[in-house]
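Student: next come a sequence and a model predicted from it.
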Amino acid sequence: MQIGRWNHQTGGASSGSSRSSGGESRSYSTRPARYGTGAARRSGGSEGYRSPRGGRSRGGSRGGRGFGTFGETEAEIAKFTNKTVVTTEEPVFVPEHKFADFDINAHLKANILARGYDLPTPIQDKTIPHTLLGQDVVGLAETGTGKTAAFLIPLIDKVMKQKGERVLIMAPTRELAVQIEKELAGFAKGLGFRGMVAVGGANIGPQISQLRHDPAFVIGTPGRLKDLMERRALDLTNFGTVVLDEADRMLDMGFIDDMRMILSKMRKERHTLFFSATMGKEIEKLIGDFLESPVVISVKTRDTSKNIDQDIVRIPRGADKFEVLVDLFKNRDFSRVLIFGRTKYGVEKLAKELSRRHIHAESIHGNKTYGARIRALEAFKTGRVVALVATDVAARGLDIPAVSHVINYDLPSTYEDYVHRIGRTGRAANKGIALTFVEGR
């Protein structure tokens with residue numbers, strides 16, 4: 001098997017021939033690539049990028065090494081590499097249904113078709129019929145597979161057909177809740193009902209005012225939903241349907257007690273939809289506690305999308321990691337880049353340093369206000385900035401179109417975090433590249 005090495009200037013694999021540094025005071029090994037594949041041996045500091053200044057890495061924590069990180073061993077590092085070379089032709093998914101075939105409200109169906117939806121994705125194709133029948137559903141699917149539409153479409157139809165039906169949707173992050181509401185607004189256009197978002201970091205007063213109008217859909221994070229309930233602004237006794245989206249992430253974030261309390265205030269006879277990217281023992285226990293004889297639908301075929309080319313960037317000891325990052329942006333293919341760091345301080349500092357080097361960047365992390373995070377996301381989505389630097393708050397659920405690259409500037413805490421981070425690129429039919437910085441190997 002040939003091991004390719006990425007050349008950031010040509011955007012392709014290099015052959016391994018020597019290369020001049022162009023008169024700069026940079027020193028490269030005889031291999032010209034700025035970074036190599038996970039199959040490469042430890043460099044011992046003899047190959048890869050050399051900083052013109054050397055010294056400490058800048059712009060954040062020093063690679064996330066140490067306690068609680070994934071990628072400390074060569075076996076773990078190997079999981080960061082996966083070339084998108086097609087060796088055999090995979091069978092093409094043929095859905096059993098078209099959106100036009102579903103027995104749903106005609107106006108809703110027109111909205112779906114107007115948005116360009118024709119054939120459902122696998123999770124939509126398998127989930128929607130059971131949800132329309134009122135069955136509890138557990139949906140297991142890779143990120144970026146259309147889970148939001150899989151539950152919104154049948155539940156909008158349910159609200160249209162069952163007078164007074166109300167739906168609660170729990171999501172782990174503010175950004176995901178806002179995204180779900182936007183999707184809802186598109187599908188429910190002109191149908192005569194509303195949804196609202198209840199998330200922390202935003203003024204609670206307008207949320208309380210919106211709840212007085214009894215919105216059909218309430219979409220929120222567990223902490224803010226609990227707060228609204230304690231203020232007697234949110235009464236769940238009239239809610240007969242609940243969606244737990246990204247349930248594994250809510251579990252990871254310590255929301256389990258809030259989730260249990262919230263569900264205990266709903267009707268016992270309820271319709272529950274449960275979506276997760278992973279299925280561990282704790283998730284199985286949650287399903288047993290929360291759902292009644294659910295239909296389990298899994299369309300997971302692998303941990304990471306086949307559309308994502310994964311590789312590593314080896315940073316020798318003493319090299320300047322920040323300069324390696326800056327150097328990558330000389331390649332115009334790095335057009336919309338999501339960069340992950342481990343700490344709020346490191347993420348904020350890195351975004352500012354990139355901007356000072358004329359690489360327009362924004363940041364999102366837990367210390368930013370809700371409004372500032374939404375503005376940063378919109379700037380990234382619309383192309384006003386080329387880079388978005390984020391903590392893991394952005395790793396799950398967000399649908400950011402056309403992310404060209406995901407860069408793990410700092411190592412993830414777990415392999416699951418890695419999977420969700422890189423799932424922001426290579427979505428739908430698009431190709432993507434995921435790079436992980438590995439220091440001092």
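Tutor: All right, it came through fine. Residues are numbered from 1 along each chain as shown.

Student: can you give me the helices in the protein?
Tutor: Using DSSP state H, the helices assigned to the chain run over residues 74-77, 106-114, 122-132, 147-161, 174-187, 204-211, 222-230, 247-252, 256-264, 281-290, 321-328, 344-356, 370-381, 415-422.

Student: may I see the buried residues of the shortest one?
Tutor: Along helix 74-77, these residues count as buried under the neighbour rule (16 or more other Cβ atoms under 10 Å): Glu76, Ile77. Using the backbone N, CA and C atoms, a C-beta is placed for each residue, glycine as well.

Student: show me this protein divided up by domain.
Tutor: 5-86+306-439, 99-298 (automatic domain parsing).

Student: weakest of the ones you listed in terms of mean pLDDT?
Tutor: Among those, domain 5-86+306-439 carries the lowest mean pLDDT, a mean of 71.

Student: Glu362 is nearest to which of the helices of the chain?
Tutor: The closest of these to Glu362 is helix 370-381. By Cβ to Cβ, the value is 3.9 Å.

Student: what is that closest one packed up against?
Tutor: For helix 370-381, the packing partners by 3 or more Cβ pairs under 8 Å, 6 or more residues apart in numbering; DSSP states H and E come out as helix 174-187, strand 361-364, strand 387-390.

Student: what's the angle between it and helix 344-356?
Tutor: Put simply, helix 370-381 runs at 40 degrees to helix 344-356, going by axes from the mean of the first three to the mean of the last three Cα atoms, to 10 degrees.

Student: who touches helix 370-381?
Tutor: 174-175, 178, 199-202, 336, 338, 362-364, 368, 385, 387-388, 398, 400-401 (Cβ atoms under 8 Å, 6 or more residues apart in numbering).

Student: try it again with 6 Å
Tutor: Helix 370-381 is contacted from outside by Arg174, Gly201, Ala202, Glu362, Ile364, Val385, Leu388, Ile400, using Cβ atoms under 6 Å, 6 or more residues apart in numbering.

Student: okay, now the fourth one: neighbour count?
Tutor: This means Glu362. Glu362 sits with 23 neighbouring residues when counted by other Cβ atoms under 10 Å.

Student: skipping adjacent residues, who's closest to it in space?
Tutor: Ala376 (3.9 Å; Cβ to Cβ, 6 or more residues apart in numbering).

Student: before we move on, back to that, Serialize the helices of the chain to JSON lines and add fields for distance to Phe239.
Tutor: Putting these into JSON lines (distance: least, Cβ to Cβ, whole Å) gives the following:
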{"stretch": "helix 74-77", "distance to Phe239": "43"}
{"stretch": "helix 106-114", "distance to Phe239": "21"}
{"stretch": "helix 122-132", "distance to Phe239": "16"}
{"stretch": "helix 147-161", "distance to Phe239": "11"}
{"stretch": "helix 174-187", "distance to Phe239": "16"}
{"stretch": "helix 204-211", "distance to Phe239": "12"}
{"stretch": "helix 222-230", "distance to Phe239": "11"}
{"stretch": "helix 247-252", "distance to Phe239": "18"}
{"stretch": "helix 256-264", "distance to Phe239": "10"}
{"stretch": "helix 281-290", "distance to Phe239": "14"}
{"stretch": "helix 321-328", "distance to Phe239": "46"}
{"stretch": "helix 344-356", "distance to Phe239": "34"}
{"stretch": "helix 370-381", "distance to Phe239": "24"}
{"stretch": "helix 415-422", "distance to Phe239": "28"}
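
Student: for Ile297, which of those is the nearest?
Tutor: With Cβ to Cβ as the criterion, Ile297 lies closest to helix 122-132 of the helices of the chain, at 4.6 Å.

Student: show me what that closest one is packed against.
Tutor: strand 137-140, helix 147-161, strand 295-298 (3 or more Cβ pairs under 6 Å, 6 or more residues apart in numbering; DSSP states H and E).

Student: would you enumerate the residues in contact with the closest residue to Ala198 other than its chain neighbours?
Tutor: Computed as Cβ to Cβ, 6+ apart, the closest residue to Ala198 that is not its neighbour in sequence is Gly220, at 3.3 Å. By Cβ under 6 Å, 6+ apart, the contact list for Gly220 reads Ala177, Ala198, Val199.

Student: look up how far Gly195 lies from Ile180.
Tutor: 8 Å (Cβ to Cβ, to the nearest Å).

Student: identify the residue nearest Lys344 in space, chain neighbours excluded?
Tutor: Using Cβ to Cβ, 6+ apart and skipping residues adjacent in sequence, the residue nearest Lys344 is His365, 4.2 Å away.

Student: what is the neighbour count of Ile256?
Tutor: Using other Cβ under 10 Å, Ile256 has 17 neighbouring residues.

Student: mind listing what's buried along stretch 231-243?
Tutor: Buried positions in stretch 231-243, judged by neighbour count with 16+ other Cβ under 10 Å: Ala233, Leu234, Leu236, Phe239, Gly240, Thr241, Val242, Val243.

Student: who touches that stretch?
Tutor: Contact partners of stretch 231-243, identified using Cβ under 6 Å, 6+ apart, comprise 151, 165-169, 208, 211, 228, 265-267, 270-273.

Student: quick one: contacts for the residue lying closest to Gly139 once chain neighbours are set aside?
Tutor: Computed as Cβ to Cβ, 6+ apart, the closest residue to Gly139 that is not its neighbour in sequence is Phe275, at 4.6 Å. Neighbouring residues of Phe275 by Cβ under 6 Å, 6+ apart: Gly139, Lys147, Asp245.

Student: and the gap between the residue nearest to Glu362 and Arg427?
Tutor: The gap separating Ala376 from Arg427 is 20 Å, by Cβ to Cβ.

Student: mind putting the contacts of helix 370-381 into CSV with distance to Asp252?
Tutor: Formatted as CSV, the contacts of helix 370-381 follow (distance: Cβ to Cβ, whole Å):
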residue, distance to Asp252
Arg174, 16
Gly201, 19
Ala202, 23
Glu362, 25
Ile364, 18
Val385, 28
Leu388, 22
Ile400, 21
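
Student: max pairwise distance over those: which two?
Tutor: Among the contacts of helix 370-381, the pair separated by the greatest distance (Cβ to Cβ) is Ala202 and Val385, at 22.4 Å.

Student: okay, now the nearest residue to Asn367 once chain neighbours are set aside: neighbour count?
Tutor: Spatial nearest neighbour of Asn367, excluding adjacent residues (Cβ to Cβ, 6+ apart): Lys344 at 4.8 Å. By the measure other Cβ under 10 Å, the count of residues near Lys344 is 16.

Student: residue contacts, Lys344?
Tutor: Contacts of Lys344 were listed using Cβ under 6 Å, 6+ apart, and they are His365, Gly366, Asn367.

Student: 7 Å instead, please
Tutor: His365, Gly366, Asn367, Thr391 (Cβ atoms under 7 Å, 6 or more residues apart in numbering).
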